[in-house]
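One predicted model, sequence on top.
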Amino acid sequence: MNTDKRTGRQVLLGRAAVAACAPYLLLKLLWIVGWDIGVVDLQGTGRGAWVAANVITFLMDAIAATVAYTLARPSGTRAPAWLLALPLWMASGLLTPLMLAVPAGSAIAAVTGAANPMASGAFLQPWVFVVVYGAFIVEGVTLLGAFTVYAHRRWGTLLRRLLGSVPAPAPAVRAARRLLGVPAALLMAVIGVVDVLWGLGVPTGAGAAALPARSTITATSEVVQGLLSLAGAAGLAALLFPHRGPGRRLRTRVPLALAWLGSASVFAWGGTLWLSWTVTEALGGGSSSPARGLPGLMGALELVAGLVVLCLGALALAEETSGTIGSGCAGMPRSG
C-alpha cells in the first residue's frame, strides 16, 4: 500500500474514532452537571462519588479523543511516539475486552436465557448500555485501526521483519530484559489460567465465596481477559526468545501485538481496578471490599505484571526514539 493510501486510511479511521467518542462524552457531561438522563437508580452511590467517577471517565475518554484527533491529522506521524503509545496502550487494555466480552456475553445470555444485567433496567436504562458499548466498540475498532496504520507507517519495515531475523541485543541488555520479562510472562500465564477457570465457574464450593457475584457478562469477561492474558504471555515469551521455537518464523508484529494487548488488558482491567478499590476502601474506612482476599491478590499481581511490561516497553520506546540501539526491548521495533 502506498504512503498516500496509508495516510488517507489513518486520517479516516482517526476521524471516525473522534466521532465515536462523542456520545459517551456527551452522556458523561450531562451526568456531571446533574441531568441524570437514562439513570434509574444510583443504588446507594453518593452524589459526590457519582460525579467524581463521571469526571474521571470523561477525562479518560477525552484523552482517547485527543489521541484519535492527532492520528486523524496527516502530520500525526511527527508526534512524539510516547505521546501516542502510552494512552493507546491503556486504551487497548480497556477497549479490547469490552469489544469481545460484551457482544459474546450478550449473545450467550440471549441463547441460554440467562439474565443480562444490561437489559434489567435496575441501574441504567437499557438504551444507555446500547449507546455506550456500541460507541466503545466503534471507538475501539477505529482507534486501534488508526494506530495500526500509524505504526506501520512509522516502523513498518521492522514490524514486517521475521522475528528470528531481529538482531540480538548486547548480552547484558538481553539478560536484563529476560530478568524482568520472564517472571512477568509466567505471571501473566498464571493469571490467564485463573481468570479462565473463574469465568467457567471454577473454583466451586467454599472457594467460590471469595469471588464477587457474577453474571453471564462478567463470566464471559473473565474468560476473555484470561485468554488475552495467556496470549500476552505467549507474545512476550516469543519476544524475549526471538531466535527459539516456532515463534521465530512469525512477523515481529504478531507477538508484539499479543504482548501489547495482553499486558494492557491485565493492567487496565485487573491492576488499575484493584488499585481503585484499594484507594476507595482506604479513604472510606470500609472493612469489606473486592480489594481483599483472593480477588485482591489477583488484582495486585495483575498490577505488578502490567507495570513490568509497561516499563520494558517504555525503555524500548525511549531507546527507539533516541536511536541509541538497533533493536528495542524484547524485540520491539526501532523508529525509522
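Cool, got the structure.

got the buried residues for stretch 172-188?
Neighbour-count burial for stretch 172-188, counted by 16 or more other Cβ atoms under 10 Å, picks out 174, 177, 180-181, 184-185, 187-188. Just so you know, the C-beta spots here come from the backbone N, C-alpha and C atoms, and that holds for glycine as well.

before we move on, what about stretch 190-198?
Of the residues in stretch 190-198, 190-192, 194-196, 198 count as buried by neighbour count, 16+ other Cβ under 10 Å.

So which of the buried residues of stretch 172-188 is the closest to V224?
V224 has its nearest neighbour among the buried residues of stretch 172-188 in M188, at 14.6 Å by Cβ to Cβ.

now, which of the buried residues of stretch 190-198 lie within helices?
190-192, 194-196, 198 (DSSP state H).

CSV for the buried residues of stretch 172-188, including pLDDT, secondary structure and distance to G271?
Converted to CSV, those look like this (pLDDT from 0 to 100; DSSP: H, G, I helix; E, B strand; the rest coil; distance: Cβ to Cβ, whole Å):
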residue, pLDDT, secondary structure, distance to G271
R174, 87, helix, 27
R177, 90, helix, 21
L180, 93, helix, 16
G181, 94, helix, 17
A184, 95, helix, 12
A185, 96, helix, 16
L187, 95, helix, 11
M188, 96, helix, 11
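
List the buried residues of stretch 35-55.
By 16+ other Cβ under 10 Å, the buried positions in stretch 35-55 come out as 38, 54.

Would you mind pulling the contact partners of it?
Residues external to stretch 35-55 that are found in contact with it (Cβ atoms under 8 Å, 6 or more residues apart in numbering): 27-28, 30-32, 121-125, 127-128.

Tabulate the ones in helices among the buried residues of stretch 190-198 (CSV), appending pLDDT and distance to H152.
Output for these, formatted as CSV (pLDDT from 0 to 100; distance: Cβ to Cβ, whole Å):
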residue, pLDDT, distance to H152
V190, 94, 33
I191, 93, 30
G192, 95, 28
V194, 91, 35
D195, 90, 31
V196, 93, 32
W198, 87, 36
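
Format the residues you listed as a markdown table; extra columns: distance to A109.
Formatted as a markdown table, these follow (distance: Cβ to Cβ, whole Å):
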| residue | distance to A109 |
| --- | --- |
| V190 | 29 |
| I191 | 25 |
| G192 | 24 |
| V194 | 24 |
| D195 | 20 |
| V196 | 19 |
| W198 | 18 |
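
sorry, back to before: return the member of the buried residues of stretch 172-188 nearest to L297.
Of all these, L187 has the smallest distance to L297: 12.0 Å, by Cβ to Cβ.

Disregarding flanking residues, what is the spatial nearest neighbour of that closest one?
If you skip the residues right next to it in sequence, L187 has A305 as its closest partner in space, 4.5 Å away by Cβ to Cβ, 6 or more residues apart in numbering.

what's the helix or strand for the one you found?
Here A305 sits within helix 293-322, counting by DSSP states H and E.

Same check on R178?
With DSSP H and E as criterion, R178 is part of helix 171-199.

Give me the angle between the next helix or strand after that helix and helix 293-322.
Downstream of helix 171-199, the first helix or strand assigned by DSSP H and E is helix 216-240. Angle of helix 216-240 versus helix 293-322, following axes from the mean of the first three to the mean of the last three Cα atoms, to 10 degrees, is 40 degrees.

could you check the angle helix 293-322 makes with the helix or strand following helix 216-240?
Counting by DSSP H and E, the element after helix 216-240 in chain order, helix or strand, is helix 253-265. Comparing the axes of helix 253-265 and helix 293-322 via the same axes, to 10 degrees yields an angle of 130 degrees.
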